[in-house]
Structures are given as structure tokens and as C-alpha cells.
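Colleague: Need a 3D model of the sequence below.
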Amino acid sequence: MALPEAFTHQDSLLTINTNDEKFLEGLLHPGIKAYPLMLDPFNGVWVLRVKFAPGVTLPIHFHTGCVHLYTMSGCWYYTEYPDQKQTAGCYLYEPGGSVHQLNTPADNTEETDTFMVVFGTNVNFDENGNYLGMMDASLIKAWVDQGIKEQGADKMTYITPPIPGYARTPSAK
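Modeller: Residues are numbered from 1 along each chain as shown. Below is the predicted model of the structure:
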């Protein structure tokens, strides 16, 4: 078999160094620092590096798509699975349709540093099951763009696709 020709030629690699710029603070929730890596509102995919302070509790949320979550340092757990703490080196796959609440223990001695790839939307609820709102790649992109301006993170970059161009074919009348 011959070496295939690249059909997605790039002039340079699509790479982000999260050590080049400070993280955006308080963007998604108090106690969270986030660094966007790839935000694709057109396909509903968001990729973030997120650092959680000790003692953070996120709203209960329902995932419409799957999640890949890798823990690089610290510790966190779901309220629903308190005995299955995630620590450095843990990878978690969450299927779409899962419902849970993320916590970081208040006695953590360091930030919990994570890398996540999320497909779809988080539908958030309060502790009584009342609807709070939704969070998806479009909303996060808007928050990130605003956070970059407000927090002076002018060197921060992330990967995002251009607006897709759709057209009818000549035969579709």
C-alpha cells in the first residue's frame, strides 16, 4: 500500500501550550480555572483543561453526550459514587445520559488538574432537581471569548473550526 496523500494539509500543527498563558478564572463556576483547548460549537464538542480548587461542588448535571475525563493531579469524586475517588492517573469515561455531581474534597492539598473532552450539552439542576440551565460548546466559547478580554489573557489561543459553508448541490432543487 502506498503512503496516502494528506487531504487535510496544515501549514502548522494545531497545538496549544497551556503553560503559555494564565488560566481563565471563575469562568464556568466559582473555584474553577479553565484553559480552552478546542471549542467546536458546530459539532457540540468542547475540550478543556480545568483546575478545581479544594471544596468545589458543581451543579448536578445530565450529559447529552459522552465525556472523557483524565485526572492529572488532585482528587475529585461524584456525590453518587463517593467511594470511587478519581486521582492522578485516573481516566473516566462517562456515557451519554449520565447524571452526577462533581466534588473536590475540601481537604485537598492541591488543585485538581483535569483534561476533558465533552460531547453535547450539560443540563444543570440544583440540589432539588430544579432546572438551572444548559452549558454547551457555544456557550463556553462565548464565555471564553469574553473571559479572554476581561481577564487580559491576550495571548490565549484555542482551536475552533470556521463557520461551515453549506450549499445545495445543483441537483437538489
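Colleague: How far does stretch 16-35 stretch from one end to the other?
Modeller: Length of stretch 16-35, first residue to last, C-alpha to C-alpha, to the nearest Å: 10 Å.
Colleague: Next up, identify which helix or strand Val118 is on.
Modeller: strand 112-119 (DSSP states H and E).
Colleague: do Pro30 as well
Modeller: Pro30 belongs to no helix or strand when assigned by DSSP H and E.
Colleague: Tell me how many other residues crowd the residue lying closest to it once chain neighbours are set aside.
Modeller: Spatial nearest neighbour of Pro30, excluding adjacent residues (C-beta to C-beta, 6 or more residues apart in numbering): Val56 at 7.6 Å. Bear in mind the C-beta positions are built from the backbone N, C-alpha and C, glycine included. Using other C-beta atoms under 10 Å, Val56 is surrounded by 20 other residues.
Colleague: any weak-confidence spans in this structure?
Modeller: 171-173 (pLDDT under 70).
Colleague: switch the cut-off to 90
Modeller: The model of the chain has pLDDT under 90 over residues 4-11, 20-21, 27-28, 154-155, 164-173.
Colleague: mind listing the strands for the protein?
Modeller: Here the chain has its strands, by DSSP state E, at 24-25, 32-40, 45-52, 60-63, 67-73, 75-78, 81-87, 91-94, 99-100, 102-103, 112-119, 122-125, 131-135.
Colleague: one step back: the strand holding Val118 pairs with which strands, and in what direction?
Modeller: strand 45-52 (antiparallel), strand 67-73 (antiparallel) (DSSP bridges).
Colleague: Save these as a markdown table, and put in mean neighbour count too.
Modeller: A markdown table is the format used below for the strands paired with strand 112-119 (neighbours: other C-beta atoms under 10 Å):
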| stretch | mean neighbour count |
| --- | --- |
| strand 45-52 | 22 |
| strand 67-73 | 17 |
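Colleague: returning to what we had before: got the CA positions of the strand holding Val118 in CSV?
Modeller: Below are the C-alpha coordinates for strand 112-119, written out as CSV (Å, rounded to 0.1, in the frame of the first residue of the first chain):
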residue,chain,number,x,y,z
THR,A,112,-7.3,19.1,41.0
ASP,A,113,-6.0,19.3,37.4
THR,A,114,-8.1,17.6,34.7
PHE,A,115,-8.3,17.2,30.9
MET,A,116,-11.8,16.7,29.5
VAL,A,117,-13.3,16.0,26.1
VAL,A,118,-17.1,16.6,26.3
PHE,A,119,-19.6,15.8,23.5
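Colleague: Pull out the buried residues from it.
Modeller: For strand 112-119, burial by neighbour count (16 or more other C-beta atoms under 10 Å) applies to 112-119.
Colleague: Much appreciated, bye for now.
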